[in-house]
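[1] no sequence on hand, only this structure:
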């Protein structure tokens, strides 16, 4: 079998599994999630041993310490993955909910019932925890999943999949509901991107390069996640102490994630007061400042920001800074460089707060809070499969509901069109 | 300028227009719709004269009478288009609605506000009324629209666009909100399908060939509309008089539309009683019967159905017929040949009604009613831009709400992540 045939042979089983899975009871799904968690704990040693092969290969290939850390699994991390599955049990099963049922003029009862999407393809990179998270979320929402993880984690992923699929199927989940494409050749991704007859949606999870490849080449519908070049704009009316805390939290709380703050825009009227102070604090925390000319005059140790810096999601202890003449200039800057993820204004001015929320086009637009809150758990919705930065179907944190669709059900008593 | 440059120069103006349009008041949008309707009536003669060129060209090209009829515009049809625009005024403006606003654990007020998608590309074929319908729906939902109609209607479309855009802009709609790509070369479609930086979504409206081309080649998100190979399954327990009416209505009420019934599945226990009667009535109305062997034995004048017939959306006075052994066989047949549009069961059996609605995967699943009801007006939602047969973003009749997305707005008082 060539790559295409082998992938189709797997996904066609997933398609069959998805049909059965769509009407499986919440109890069976929940028991399967608990069993999968148990399986992870019982087989932690085996998974750690497979993971150590990946780590050895990664070191040989010269992966960065940060990447190696993302890749690394130990008993604690495996336990965290198991807890993640157990947490899904408590979340409400979205499947079967009936929405907006009403009578039309002909006496037809018309409503929508929530149903799974079908088969979800997930294309991701080095983090093996995505394998478990995605499998759990897809299962709870009644979808089959076809996972394709990065080559760096191939041994870990195969070991994880062996465990969670076995324990899921033992608990009554149809065979094929959790599939893993173990072909590390990039061709496997290209094949998946054209499998319109087998995959209902593809969700890429990873860096900007992966997401771009998927968006530009997939004919299967895609939900774009993740790239976050998030700005904080400090308005002339801002409470500067609040602004400082929001900037420092957004930048340094966890710089490697998509809702981290990457760029600071400051109104010229408060730049003199704010910038030296906030940049000093950032520098003390190890953050490099890349600024415009005004910033360079105000901040010791800052280096000039290029146009490319303003367009970059650093995911690191680096921030770009620009002093702007007005809120309009800030909004234009965000329009030009933003990735429609999370954008923040710090202001005490009512009209500017409304203007910013109205005119900035992003998944999440904040007034006076850290960009770090864009997250399913923080919003109070529970686990998520990613942050959608596109406009179709889902925007912002994508939880169980966003992994479903609806169909109209119509109950008649013989009505025909006049 | 080559085709690509000329299309980008138009769509970049649309992108700017979309930004302004997103915050324009309902009043301005409604006045523009009324003005556009007025413009159509005032310029009916000019439009009819442009249309007569298309008709002449169509005759010369040998278009079928049905296609020429679809293409033809007279004062009545132009008045209908104007009425369509006026009806949009009464529909609720979806933009600005706030959904699910609540406090999270940190005291952040989090909700979603409904916003336009941005720039919508519509690729369609010969019917010039789509030009007006689509422009009106996109305008009312705050979106800019880039229209690309078929070459057969090029003169009519240019005349219509000249009128409606002029009258819209006069009423305060930003210039570029209604664009028409007047390049009839097919290359124009290929260019649009890759314009991810300018178009937020593409909606194809037309035959199966057009839709397939768009779905298979577009990297811009697509909402698939329209192909409807709709089945009626008559269960063994059905009220056969009701079944007859539903089949005849579904097939003959308006055979050329996507919610027409194309295929009849009959349980073997009622085939002897139902088929001769319903097929006689269909034949009397001019319908050709293409059936399985059992059907051929029961129905005079029926011809054998091929596998291809079962997969065909005839859009004509033709119906495929198959006798099945069970509801499961019917559901399997629909799974294999259906296009996920509208599917009907006629039954008096409670369990079978639930089984069919649960297991059949389509935009609309009916019990005891004609497939012809899948329509925005019939459902009671008002005008629609098409029937989505895909699962992402919108499913079933797509009205104003389906032309929008949401963004999260978060109001804080200095919250940072702990």
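    Thanks, I have it. The shown structure was predicted, so the numbers you read here are calculated from the model rather than taken from an experiment.
[2] thinking residue A:277 is in contact with residue A:244, fair?
    Yes. With contact defined as Cβ atoms under 8 Å, residue A:277 reaches residue A:244; the gap is 6.5 Å. Bear in mind the C-beta positions are built from the backbone N, C-alpha and C, glycine included.
[3] among these two, which residue is more densely surrounded?
    Neighbour count, other Cβ atoms under 10 Å in any protein chain shown: between residue A:277 and residue A:244, residue A:244 has more, with 18 against 15.
[4] next, that one: phi, psi?
    phi -60, psi -50 (degrees, to the nearest 10).
[5] test my guess that it contacts residue A:275.
    No. Judged on Cβ under 8 Å, residue A:244 makes no contact with residue A:275 at a distance of 10.3 Å.
[6] start to end distance for stretch A:112-132?
    Stretch A:112-132 has its terminal residues 31 Å apart, counting by Cα to Cα, to the nearest Å.
[7] over to stretch A:357-371?
    End-to-end distance for stretch A:357-371: 14 Å, by Cα to Cα.
[8] against which helices or strands is the helix or strand harbouring residue A:76 packed?
    Taking DSSP states H and E as the definition, residue A:76 sits inside helix A:75-90. Under the contact criterion of 3 or more Cβ pairs under 8 Å, 6 or more residues apart in numbering or on different chains; DSSP states H and E, helix A:75-90 touches helix A:26-42, helix A:44-61, helix A:129-140.
[9] check which helices and strands the shortest one sits against.
    When you say that, I think you mean helix A:129-140. Helix A:129-140 packs on helix A:26-42, helix A:75-90, strand A:119-124, strand A:144-148, helix A:154-170, strand A:178-180, strand A:201-205, going by 3+ Cβ pairs under 8 Å, 6+ apart.
[10] could you dump the ones you listed to JSON lines with mean neighbour count and mean pLDDT?
    Shown next, in JSON lines, are the helices and strands packed on helix A:129-140 (neighbours: other Cβ atoms under 10 Å in any protein chain shown; pLDDT from 0 to 100):
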{"stretch": "helix A:26-42", "mean neighbour count": "19", "mean pLDDT": "98"}
{"stretch": "helix A:75-90", "mean neighbour count": "17", "mean pLDDT": "96"}
{"stretch": "strand A:119-124", "mean neighbour count": "26", "mean pLDDT": "97"}
{"stretch": "strand A:144-148", "mean neighbour count": "26", "mean pLDDT": "97"}
{"stretch": "helix A:154-170", "mean neighbour count": "21", "mean pLDDT": "98"}
{"stretch": "strand A:178-180", "mean neighbour count": "24", "mean pLDDT": "97"}
{"stretch": "strand A:201-205", "mean neighbour count": "24", "mean pLDDT": "94"}
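[11] what about the residue of the stretch 251-400 of chain A found nearest chain B, neighbour count?
    Here the residue of the stretch 251-400 of chain A nearest chain B is residue A:369; by Cβ to the nearest Cβ that distance is 2.9 Å. Burial of residue A:369 is recorded as 29 neighbouring residues (other Cβ under 10 Å).
[12] could you do residue A:326 as well?
    When neighbours are defined as other Cβ under 10 Å, residue A:326 has 14 of them.
[13] hmm, it is touching residue A:266, no?
    No. When contacts are counted by Cβ under 8 Å, residue A:326 is not listed as touching residue A:266 (11.8 Å).
[14] give the rounded mean pLDDT of the host helix or strand of residue A:321.
    Using DSSP H and E, residue A:321 sits in strand A:318-324. Over the span of strand A:318-324, the pLDDT mean works out to 98.
[15] that strand pairs with which strands, parallel or anti?
    strand A:261-267 (parallel), strand A:288-291 (parallel) (DSSP bridges).
[16] what residues are up against residue A:174?
    A:16, A:17, A:20, A:21, A:24 (Cβ atoms under 8 Å, 6 or more residues apart in numbering or on different chains).
[17] next step: these restricted to strands.
    Applying DSSP state E to the contacts of residue A:174, no entry is found in strands.
[18] most neighbours out of those residues, which is it?
    Ranked by neighbour count (other Cβ under 10 Å), the contacts of residue A:174 have residue A:21 at the top, with 26 neighbours.
[19] residues contacting that residue?
    Contact analysis of residue A:21 by Cβ under 8 Å, 6+ apart lists A:116, A:139, A:142, A:143, A:144, A:173, A:174, A:177.
[20] where's the residue of the stretch 151-300 of chain A found nearest chain B, which helix or strand?
    Shortest the stretch 151-300 of chain A-to-chain B distance, computed as Cβ to the nearest Cβ: residue-wise this is residue A:249, at 3.7 Å. Secondary-structure element containing residue A:249, defined by DSSP H and E: helix A:240-252.
[21] doesn't residue A:99 lie inside a strand?
    Yes. Checked against DSSP: H, G, I helix; E, B strand; the rest coil, residue A:99 lies within a strand.
[22] look up how far residue A:107 lies from it.
    Distance from residue A:99 to residue A:107, counting by Cβ to Cβ, to the nearest Å: 20 Å.
[23] now residue A:11: closest residue in space that isn't a chain neighbour?
    Leaving out its chain neighbours, the residue that sits closest to residue A:11 by Cβ to Cβ, 6 or more residues apart in numbering or on different chains is residue A:198, at 3.9 Å.
[24] my guess is that neighbour contacts residue A:4, does it?
    No. Using Cβ under 8 Å, residue A:198 is not in contact with residue A:4; the gap is 11.2 Å.
[25] which one's more surrounded, these two?
    Neighbour count, other Cβ under 10 Å: between residue A:198 and residue A:4, residue A:198 has more, with 22 against 15.
[26] coming back round to it: without its sequence neighbours, what residue ends up closest to the residue of the stretch 151-300 of chain A closest to chain B?
    According to Cβ to Cβ, 6+ apart, the nearest residue to residue A:249 is residue B:416 (3.7 Å).
[27] next one: residue A:30
    Distance criterion Cβ to Cβ, 6+ apart; nearest residue to residue A:30, sequence neighbours excluded, is residue A:89 at 4.6 Å.
[28] do the same with residue A:12
    Nearest non-adjacent residue to residue A:12, counting by Cβ to Cβ, 6+ apart: residue A:198, 6.3 Å away.
[29] look up phi and psi at the one you found.
    Per degrees, to the nearest 10, the backbone of residue A:198 is at phi -120, psi -30.
[30] now swap in residue A:151 and tell me
    Torsion angles at residue A:151 (phi, psi; degrees, to the nearest 10) stand at phi -60, psi -30.
[31] wait, it touches residue A:181, no?
    No. If you go by Cβ under 8 Å, residue A:151 and residue A:181 don't touch, sitting 11.4 Å apart.
[32] quick one, which of these two is more surrounded?
    Taking neighbours as other Cβ under 10 Å, residue A:151 and residue A:181 compare with residue A:181 leading, 22 against 16.
[33] quick check: closest non-adjacent residue to that one.
    Leaving aside its chain neighbours, residue A:181 sits nearest to residue A:148 (4.3 Å; criterion: Cβ to Cβ, 6+ apart).
[34] for chain B, see how far away the one you found is.
    Separation of residue A:148 from chain B (Cβ to the nearest Cβ, to the nearest Å): 19 Å.
[35] the strand ranked longest in chain A and chain B in contact?
    Across chain A, the strand with the greatest residue count (assigned by DSSP E) is strand A:404-415. Yes. Against chain B, strand A:404-415 shows contacts by Cβ under 8 Å from any Cβ of the partner chain at A:405, A:406, A:407, A:408, A:409, A:410, A:411, A:412, A:413, A:414, A:415.
[36] what's the closest of the residues you listed to residue B:224?
    Nearest to residue B:224 out of the residues of strand A:404-415 next to chain B is residue A:405 (Cβ to Cβ; 12.8 Å).
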